[in-house]
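Trainee: build me a model from this:
(one chain, ligands or ions: 1)
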Amino acid sequence: MANEKFFTSHNGVEIPTIGFGTWQIPNEEAYAAVTTALENGYTHIDTALAYQNEENVGKAIRDFNISREEVFITSKLPAEIKGYDATLAAFEETITNLGVDVLDLYLIHAPWPWDEVGKDCTEGNIESWKAMEKLYKDGKIRAIGVSNFSEKDIQALLDSCDIVPMVNQIPFYIGRDQASLLQFCKKHNIVVEAYSPLATGQILNSPEIKEMAAKYSVTPAQLCIRYCLEHGTLPLPKSTNKERIVENSQLAFTISPEDVQKLDAFEDVRSK
Ligand code: A2P
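Mentor: Prediction:
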């Protein structure tokens, strides 16, 4: 695992530093993938109702020889569900799927439905957030947050709600410039989680990445994941392959500030 053990949210919840992402892992494969992750030291598992794998993610965790308190589970409110009652209902569905009483972290999956990216859903997000505040105050969730939220989207919650989000989960990888959003989150003590830290695998064949990885005697994937940590973000690498699941958690090295700067200047492979 990494040199850093935990990130701590502004309400004092410790979030294990490397999360196991399960986006695009089908329900049939999720049980084996999560079991392999747990066997290899991951204690932070990230899922979502929209991934349609919560049942097997939950079953793998429940079947594993580990106490519930030792595993940090995140799930997400589907992006198209906005509103107070609908949020409470979706949360019930998630904890039923997972087979848990309390969720560690619950996120609004996106500020807009995926088929209407950019739509202004401020009112709906505020209503959903109020429902999440209630669940948090009722002790059903240990930390609440958002995902894919811009500064403007977060500011709308800050202006109308009681609780500052504890987490914003965003796409972050070498070449993806999120400097302004990272700065904003830091100012408000919001932990930033990096999803797609390998640019969904697209960056791993870059000759420059391979060359720098060789310099540190690590793999390209390890360089990419470590890069997220150097920027103070919590990486959520995803793999269904045992060797790669292990590889992605071995991050006990650091990248020099000069090399981080070089990586910052990379082109975004996913914008091509
Ligand atoms: P696989 O599941 O077959 O290992 P991201 O985390 O950025 O979404 O990237 C996930 C993609 O990267 C998946 O296609 C995954 O494939 C692949 N991947 C994950 N870890 C590694 C690794 N260590 N080396 C090479 N490819 C990896």
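
Trainee: quick one: average pLDDT of the helix or strand hosting residue 95?
Mentor: Element membership for residue 95, per DSSP states H and E: helix 84-98. Average pLDDT, helix 84-98: 98.

Trainee: run a quick neighbour tally on the closest residue to residue 156 other than its chain neighbours.
Mentor: The spatial neighbour of residue 156 that comes closest, neighbours along the chain excluded (Cβ to Cβ, 6 or more residues apart in numbering), is residue 122 at 4.8 Å. For glycine as for every other residue, the C-beta is placed from the backbone atoms N, C-alpha and C. Using other Cβ atoms under 10 Å, residue 122 has 17 neighbouring residues.

Trainee: can you tell me how far residue 122 is from residue 129?
Mentor: Using Cβ to Cβ, to the nearest Å, we find residue 122 at a distance of 10 Å from residue 129.

Trainee: next: residue 23.
Mentor: Separation of residue 23 from residue 129 (Cβ to Cβ): 23 Å.

Trainee: give me the more crowded residue out of the two.
Mentor: A count of neighbours by other Cβ under 10 Å puts residue 129 above the other of residue 23 and residue 129, at 25 against 16.

Trainee: tell me the residues of the stretch 51-200 of the chain that contact the ligand?
Mentor: Within the stretch 51-200 of the chain, the residues that sit near the ligand (Cβ under 6 Å from any ligand atom) are 196, 197, 198, 199, 200.

Trainee: what's the nearest residue to the second one if we skip its chain neighbours?
Mentor: With Cβ to Cβ, 6+ apart as the measure, residue 235 is the residue that lies nearest to residue 197, at 4.2 Å, once sequence neighbours are left out.

Trainee: in the sheet, who's paired with the one you found?
Mentor: Here residue 235 sits in beta bridges with residue 194, as judged by DSSP bridges.

Trainee: pretty sure it contacts residue 221?
Mentor: No: if you go by Cβ atoms under 8 Å, residue 235 and residue 221 don't touch, sitting 10.4 Å apart.

Trainee: so between the two, which is more surrounded?
Mentor: More crowded of residue 235 and residue 221, by other Cβ under 10 Å: residue 235, with 27 against 21.

Trainee: so what's the residue count around residue 201?
Mentor: Neighbours of residue 201 (other Cβ under 10 Å): 15.

Trainee: show the model's pLDDT score for it.
Mentor: 93.

Trainee: separation between residue 220 and the ligand?
Mentor: 7 Å (Cβ to the nearest ligand atom, to the nearest Å).

Trainee: now residue 52
Mentor: Separation of residue 52 from the ligand (Cβ to the nearest ligand atom): 17 Å.

Trainee: tell me the contacts of the spatially closest residue to that residue that is not a sequence neighbour?
Mentor: Sequence neighbours aside, residue 27 is the residue nearest to residue 52 in space, at 5.8 Å (criterion: Cβ to Cβ, 6+ apart). Residues in contact with residue 27 (Cβ atoms under 8 Å, 6 or more residues apart in numbering) are 52, 53, 55, 56.

Trainee: which among the residues you listed count as buried?
Mentor: Buried residues within these, defined by neighbour count using 16 or more other Cβ atoms under 10 Å: 53, 55, 56.

Trainee: what is whichever strand or helix holds the last one packed up against?
Mentor: Pointing back at residue 56 there. Using DSSP H and E, residue 56 maps to helix 54-63. With contacts taken as 3 or more Cβ pairs under 8 Å, 6 or more residues apart in numbering; DSSP states H and E, helix 54-63 sits against helix 27-39, strand 72-77, helix 84-98.

Trainee: mind redoing it with 7 Å?
Mentor: helix 27-39, helix 84-98 (3 or more Cβ pairs under 7 Å, 6 or more residues apart in numbering; DSSP states H and E).

Trainee: now do the buried residues in that helix.
Mentor: Using 16+ other Cβ under 10 Å as the test for burial, helix 54-63 gives 54, 55, 56, 57, 58, 59, 60, 61.

Trainee: nice, that's everything, thank you.
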